[in-house]
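> Model the following, please.
(2 chains)
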2 protein chains.
Amino acid sequence: MLTLYGDLDSGNVYKVRLLLAQLGIACRRVDTTQNRGETASAEFRAINPIGKIPTIVFDDGRMLSESGAILYFLARDTAYLPADAWDQANVLRWMFFEQYSHEPYIAVNRHWKLHLPLAEQSRLADRIAHNHTRGEHALAVMEQRLRNSAWLATGCYTVADIALYAYTHTANDGGFELGPCSGIRAWLNRVRAQPGHIPQVQEEQGVPSSGGVAKAVTAWTLRLPGPPTQFPLP
Amino acid sequence: MLTLYGDLDSGNVYKVRLLLAQLGIACRRVDTTQNRGETASAEFRAINPIGKIPTIVFDDGRMLSESGAILYFLARDTAYLPADAWDQANVLRWMFFEQYSHEPYIAVNRHWKLHLPLAEQSRLADRIAHNHTRGEHALAVMEQRLRNSAWLATGCYTVADIALYAYTHTANDGGFELGPCSGIRAWLNRVRAQPGHIPQVQEEQGVPSSGGVAKAVTAWTLRLPGPPTQFPLP
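Numbers count the residues shown, from 1 in each chain, chains lettered A, B, ... in the order given. Next up is the predicted model:
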């Protein structure tokens, strides 16, 4: 069975969990979070030298990280990744856009606002303001596209939509106001309505969050999902 | 003929120029730089709403941006992108790593050190130090891989190597010391020795940097390449 390293709070991990759920692929998840320093541990670096989640490990020992690469690999030859070369290029275009121009601002501000004490947030006020401006530009790019198209990359729901949904649907946690973005809000609802959709804070159905843990990570803490910290838009 | 928007100073643009040179694909380059605010202009936003370089436009009007997506698309069915699905996933893994964990630190510090007045660099000292730490981690990840492998993603030179070469070979511009990184230095030399390699500051052979400019961009300044600002490692 596939092993996924990552925590429920991470949007990057959620992308992989959502696709796995929609593909009907079972996995065991080893709760691994940057917040507790676990991704920097020697145990995890032995699995993934880059020390990043999500990381997936197949039964034969092959490891893959980077959410975009994982999504692309798992979605090949499925409805979530069109076979056409130009369509695939546009899927990748939006996924690279997400990792470079969206996530570093929207996810980081969310993380800081959810997890840092107010005094620390005050110290980072300039960075937060900078991220806010950049994040708003990313949302404006999405809004422009989604006012004229049901989906981001092609004519259908793809892993590009999964990749952008992950941190856009919780953007309000980071202080981003989606009220004026009617295109994005309608798209969020379309994504939620897709068959097999799971909310970020819901554990994968039928998949134990503990048990079956790889030897190298038995020392790690396994947690049940905590209370929801994200709220869907009204 | 393919049109490429971007400038010679950008490593992200260089990735595309290098692959085009190695594929023997002619293009006309429209010199477009963020430094002069051109990527934020209404003219350029009409071509690419995201306002990023490199952007390529085909004769039939199709536009593609994000260096990773462009490399992947152009390299399909060539020696620069293996056909095997797992190999492709690993190529993408390194390309996403570059855009998220390497370029934002190594390229940004290079940009600041090359282009900002010293007083402004002093004001950004904390950010530069933060980027330096993160950039050193990215280089350590590369070094660990390249001490055991000739190439990053697979057993041969791929677009993953092109993507990482672009800002690694000028990392010393940003204050990164590659002296101890024997694996990276040997790999840089292997990349330079590949057939059709062009240095970053060399204009593509036989491709005019002016002339044939699309109507929408005729108002832009077209520059000949300036003096070299990057120096290969000894």
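> Tell me, how many residues neighbour the residue lying closest to A:Asn35 once chain neighbours are set aside?
Using CB to CB, 6 or more residues apart in numbering or on different chains and skipping the chain neighbours, the partner closest in space to A:Asn35 is A:His115 (6.7 Å). C-betas here are computed from N, CA, C, even on glycine. Residues lying near A:His115 (other CB atoms under 10 Å in any protein chain shown) number 12.
> And A:Arg192, by the same measure?
Using other CB under 10 Å, A:Arg192 has 13 other residues around it.
> repeat for A:His197
Using other CB under 10 Å, A:His197 has 14 neighbouring residues.
> Need the pLDDT of the residue nearest to A:Asn35.
pLDDT for A:His115: 92.
> where do the strands sit along chain A?
A:2-5, A:27-30, A:55-57, A:63-65 (DSSP state E).
> With mean neighbour count, mean pLDDT and distance to chain B as extra columns, can I get those strands in TSV?
Converted to TSV, these look like this (neighbours: other CB atoms under 10 Å in any protein chain shown; pLDDT from 0 to 100; distance: least, CB to the nearest CB, whole Å):
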stretch	mean neighbour count	mean pLDDT	distance to chain B
strand A:2-5	22	97	14
strand A:27-30	22	95	17
strand A:55-57	23	97	10
strand A:63-65	20	97	6
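> Please name whichever of those is nearest to B:Ile25.
Closest approach to B:Ile25 among the strands of chain A is made by strand A:63-65 (30.3 Å; CB to CB).
> ok, A:Asp77 to A:Gln88 distance?
Counting by CB to CB, to the nearest Å, the gap from A:Asp77 to A:Gln88 is 12 Å.
> Please identify which of these two sits among more neighbours.
A:Gln88 (23 against 9).
> my guess is that one contacts A:Leu81, does it?
Yes. Counting by CB atoms under 8 Å, A:Gln88 touches A:Leu81, with 6.6 Å between them.
> how deep is A:Asp84 tucked in, by neighbour count?
By other CB under 10 Å, the residues close to A:Asp84 number 11.
> before we move on, what about A:Val141?
A:Val141, neighbours per other CB under 10 Å, totals 20.
> Quick one: residues contacting the residue nearest to it when sequence neighbours are not counted.
Spatial nearest neighbour of A:Val141, chain neighbours left out: B:Ile50 (5.2 Å); criterion: CB to CB, 6+ apart. Going by CB atoms under 8 Å, 6 or more residues apart in numbering or on different chains, B:Ile50 touches A:Phe97, A:Ser101, A:Val141, B:Ser65.
> which ones are touching A:Gly24?
A:Gly196.
> The residue lying closest to A:Leu92 once chain neighbours are set aside: how many residues sit nearby?
Computed as CB to CB, 6+ apart, the closest residue to A:Leu92 that is not its neighbour in sequence is B:Ala69, at 4.0 Å. Using other CB under 10 Å, B:Ala69 has 23 other residues around it.
> State the distance from B:Ala69 to B:Leu20.
In terms of CB to CB, B:Ala69 sits 15 Å off from B:Leu20.
> what residue ranges in chain A score low on pLDDT?
Scanning chain A for pLDDT under 70 picks out the ranges A:203-234.
> just the residues of it that are near chain B, which are they?
A:49-50, A:52, A:62, A:64-70, A:72-73, A:76, A:85-86, A:88-90, A:92-93, A:95-97, A:99-101, A:103-104, A:141, A:144-145 (CB under 8 Å from any CB of the partner chain).
> Can you say which of these are buried?
Buried subset of the residues of chain A next to chain B (neighbour count, 16 or more other CB atoms under 10 Å in any protein chain shown): A:50, A:52, A:64-70, A:72-73, A:88-90, A:92-93, A:95-97, A:99-101, A:103-104, A:141, A:145.
> what's the closest non-adjacent residue to A:Pro49?
A:Pro49's closest residue in space is B:Gln144 (CB to CB, 6+ apart), at 5.5 Å.
> I'd like to know how many residues surround A:Ala125.
9.
> scratch that, A:Pro117 is what I was asking about
When neighbours are counted by other CB under 10 Å, A:Pro117 registers 8.
> and it, how far is that from A:Arg36?
The value you get for A:Pro117 to A:Arg36, if CB to CB is used, is 17 Å.
> Repeat that for A:Ala138.
Distance from A:Ala138 to A:Arg36, by CB to CB: 29 Å.
> Show me what the biggest helix by length in chain A is packed up against.
Taking DSSP state H as the criterion, chain A has its longest helix at helix A:125-146. When contacts are defined as 3 or more CB pairs under 8 Å, 6 or more residues apart in numbering or on different chains; DSSP states H and E, helix A:125-146 sits against helix A:103-115, helix A:159-168, helix A:182-192.
> Contacts for the shortest one next, please.
I take that to be helix A:159-168. Here helix A:159-168 makes contact (CB under 8 Å, 6+ apart) with A:11-12, A:14-15, A:18-19, A:67-68, A:71-72, A:75, A:80-81, A:90-95, A:98, A:102-103, A:106-107, A:110, A:139, A:142, A:151-154, A:178, A:184, A:187-188, A:191, A:200.
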